[in-house]
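Asker: Please work out how this folds:
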Amino acid sequence: MIGYYVHHHGLGHRNRATQIARELTVPVVGFSTLERPEGWPGEWVRLPEDTTEHPVDPTAHGVLHWAPLGHPGHRERLGLIAERLRSDVDLMVTDTSAEVTLLARLMGVPTVVLAMRGDRTDRTHRAAYDAATALIAPWSRETAEPYWPEEWTRKTTFTGAISRFDGLVAPALHDTGPTGVTRELPAPAPAGVAPELQENSSSGVVPAGGDDGPGAVAPGRRVLIVWGRGGTEVGDAQIDAARAATPGWGWTVRTPDTPSPDLWRELHEATVVVTHGGNNAVAELAAAQAHAVVVAQPRPHNEQEATAAALDRAGICVGLSRWPEAHEWPGLFARALTLGVERWERWRHGDGAHRAARAMEALLGGGVR
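Answerer: Numbers count the residues shown, from 1 in each chain. Predicted coordinates:
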C-alpha cells in the first residue's frame, strides 16, 4: 500500500498526484485537506484544517515549517496519517510536506518526496530531502537545479514534466472567420522560425471595432493567458496595457473564474501562451509544445522564479521573473515564436506520471500488504 499526501495550496499538487496514482499497479490511499479528485483510483482520507490566525510556535523554533502547538486540527490530521502508517502503508509519498515526510521516516516507513524548484536549502527542507528514501523531480535531468547537492541528485528520478495532457493527440484546428466560412488553421511554426503574418485573411478573433479597422486581429496572432488557483499579482489594468501595446493581436484570458471550455484545444489554437510558472501550467505548455512566455508569480522559496529561469536558461521558452512593461510585449512575442515546439523535449519525456509510478513501486521491495 502506498500512502500519498497532497498539499492543499492551489490544485497543482492534487492534479499531479492523480496522474501518478492512476499509473500505479498497487493500492494507494490519498491524504489531503482537499476533496477527493475525480479519477482518484483508491481511498481518500480528508484531513481536518490546521490553519489559525494566531499560531503558537508553528515552526518549533525554526526546525519545522508548520506544527502549531495546541492545535486540535493539526494533531488530528497527523494522527490520522500516523494510524495508517502504523497499520497498512508501506511507502509514503509527499507532495509536499516536510512534516509528513519526517513523520513517516520516524515511523520506519520509506518516503518519497516530490521535489520542487526554488531555494530548498532552509533547515526544514534540507532535513526532509536528506531523510527521504528517494526524490522525484518532475523535470528533466538536463534542466536540473544547479545548486542541488550530489546526495540529492543521486537518489532522484527525473521524470520530466507530468501533465494531464500527456499522450493526447493534437486536435484538428479549424477557424471560423467573420464570413462564417470554416478554414483550417496553419500548423505551428517550428522553433527558430517566426510564422509569416499575412494580413489578407481573418483569424476569426475580432476585437470591438470591426474586422478590418485598426483594431483588427491579424491571422496567426492569438494570445492565450492562463492563470491558476494559486493566485496572481497581475491585474486587469496590466493586461489591458499589454493588449493596447500589441495591436493586431487578439487576447483571451482564462482564470479559475472564467475557465477554458477546452484548454487542450486553446493551447494549440494560440500563437503564444502566457502563463505563470507553476509546475502543472508549465507541464501543459510542454505537452502542447507551445510558443510561450512564462511569468513567475510570488511563491515561497522563489519556486516560480526558479522555474522561469530554468526554462529561459535552457532556451525552451521565454521565462520572466516579473510581469513586463507594456512596451516589451511585441519583442517578447517575437522571441517566443522562435522557441517552443520541439525544444520542449528538453523538459518532458511524455510519460512522466508512468516513470514516477514505476520509481515508487520499485521502492516497495519486500511486497505489498
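Asker: what element comes up after the least confident helix or strand in the chain by mean pLDDT heading to the C-terminus?
Answerer: Using mean pLDDT, DSSP states H and E, strand 182-184 stands out as the lowest-scoring helix or strand of the chain, at a mean of 36. Scanning forward in sequence from strand 182-184 by DSSP states H and E, the next helix or strand is strand 222-226.
Asker: Against which helices or strands is the very next helix or strand once past that next one packed?
Answerer: Note on strand 222-226: by DSSP H and E, the next helix or strand toward the C-terminus is helix 236-244. Contact here means 3 or more Cβ pairs under 8 Å, 6 or more residues apart in numbering; DSSP states H and E; on that basis helix 236-244 packs against strand 250-254. C-beta: built from backbone N, CA, C; applies to glycine.
Asker: Name the residues of the following helix or strand past the strand it packs on that are buried.
Answerer: Reading on from strand 250-254 to the C-terminus, the next helix or strand found by DSSP H and E is helix 263-269. Within helix 263-269, the residues that count as buried by 16 or more other Cβ atoms under 10 Å are Leu263, Trp264, Glu266, Leu267, His268, Glu269.
Asker: Just put the residues you listed in CSV and tack on distance to Ala353 and pLDDT.
Answerer: Listed next are these as CSV, based on distance: Cβ to Cβ, whole Å; pLDDT from 0 to 100:
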residue, distance to Ala353, pLDDT
Leu263, 18, 97
Trp264, 16, 97
Glu266, 22, 98
Leu267, 19, 98
His268, 21, 97
Glu269, 25, 97
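Asker: Now do the strands in the chain.
Answerer: With DSSP state E as the criterion, the chain has strands at 2-6, 28-32, 43-46, 91-95, 111-114, 134-137, 156-158, 174-176, 182-184, 222-226, 250-254, 272-276, 292-295, 318-320.
Asker: Pipe these into a markdown table and attach mean neighbour count and distance to Gly365 per row.
Answerer: Listed next are these as a markdown table, based on neighbours: other Cβ atoms under 10 Å; distance: least, Cβ to Cβ, whole Å:
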| stretch | mean neighbour count | distance to Gly365 |
| --- | --- | --- |
| strand 2-6 | 26 | 13 |
| strand 28-32 | 23 | 17 |
| strand 43-46 | 16 | 22 |
| strand 91-95 | 27 | 9 |
| strand 111-114 | 26 | 13 |
| strand 134-137 | 22 | 12 |
| strand 156-158 | 20 | 16 |
| strand 174-176 | 14 | 52 |
| strand 182-184 | 11 | 53 |
| strand 222-226 | 23 | 41 |
| strand 250-254 | 18 | 44 |
| strand 272-276 | 25 | 38 |
| strand 292-295 | 26 | 39 |
| strand 318-320 | 23 | 39 |
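Asker: so which of the ones you listed gets nearest Thr232?
Answerer: Thr232 sits nearest to strand 272-276 of all the strands of the chain, at 6.2 Å, using Cβ to Cβ.
Asker: For that closest one, C-alpha coordinates in CSV please.
Answerer: Presented in CSV, the C-alpha positions along strand 272-276 are these (Å, rounded to 0.1, in the frame of the first residue of the first chain):
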residue,chain,number,x,y,z
VAL,A,272,1.6,32.5,-27.9
VAL,A,273,0.6,31.3,-24.5
VAL,A,274,1.3,33.5,-21.4
THR,A,275,1.0,31.8,-18.1
HIS,A,276,2.5,31.6,-14.6
